[in-house]
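Undergrad: Sequence plus predicted model, see below.
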Amino acid sequence: MVIDDSKTIRRTAETLLKKAGCEVVTATDGFEALAKITDQNPELIFVDIMMPRLDGYQTCALIKKNPNYRDTPVILLTSKDGLFDRARGRIVGSDRYLTKPFTKDELLGAIREHLAETS
């Protein structure tokens, strides 16, 4: 699942992931994502930090507090690469932090790393 309020980022990630053989679900914000997560049960979630209404930190925290999705890897996407941002991501339970613009190799590497851990 890719959650980002930027249509460009959603499309880019979706295209890269589909070419790699992944099934992709997208959402424009945390509220839409939370509704889709229960329907789709994604294996891995990429979430942008800076979004309106429900930001990535809040979205990640809500996902990780749900016993059904506690073990689902959540990878934060952001253009902010500060120590405070990374620490805050860890506090809410994120599994990794990718800085935008990300490369195809970074995106696919994150998937390989986290799905290998869960299988």
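TA: The structure has been received and is ready for your questions.

Undergrad: Only C-alpha atoms from now on, for both contacts and neighbour counts.
TA: Will do.

Undergrad: ok, the spatially most central residue of the chain - contacts?
TA: Nearest to the geometric centre of the chain sits residue 46, at 1.4 Å (Cα atoms, centre = their mean). Counting by Cα atoms under 8 Å, 6 or more residues apart in numbering, residue 46 touches 1-3, 74-77.

Undergrad: give me the element residue 24 is part of.
TA: With secondary structure defined by DSSP states H and E, residue 24 is part of neither a helix nor a strand.

Undergrad: gap between it and residue 53?
TA: From residue 24 over to residue 53 the distance is 23 Å, taken as Cα to Cα, to the nearest Å.

Undergrad: picking up where we left off before, may I see the contacts of residue 46 organised as TSV, with pLDDT and distance to residue 14 added?
TA: Shown next, in TSV, are the contacts of residue 46 (pLDDT from 0 to 100; distance: Cα to Cα, whole Å):
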residue	pLDDT	distance to residue 14
1	97	9
2	97	7
3	98	10
74	97	16
75	97	15
76	96	16
77	94	14
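
Undergrad: Tabulate those (JSON lines), appending secondary structure, distance to residue 113 and neighbour count.
TA: JSON lines is the format used below for those (DSSP: H, G, I helix; E, B strand; the rest coil; distance: Cα to Cα, whole Å; neighbours: other Cα atoms under 10 Å):
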{"residue": "1", "secondary structure": "coil", "distance to residue 113": "16", "neighbour count": "25"}
{"residue": "2", "secondary structure": "strand", "distance to residue 113": "17", "neighbour count": "25"}
{"residue": "3", "secondary structure": "strand", "distance to residue 113": "20", "neighbour count": "29"}
{"residue": "74", "secondary structure": "strand", "distance to residue 113": "12", "neighbour count": "27"}
{"residue": "75", "secondary structure": "strand", "distance to residue 113": "11", "neighbour count": "26"}
{"residue": "76", "secondary structure": "strand", "distance to residue 113": "15", "neighbour count": "24"}
{"residue": "77", "secondary structure": "strand", "distance to residue 113": "16", "neighbour count": "24"}
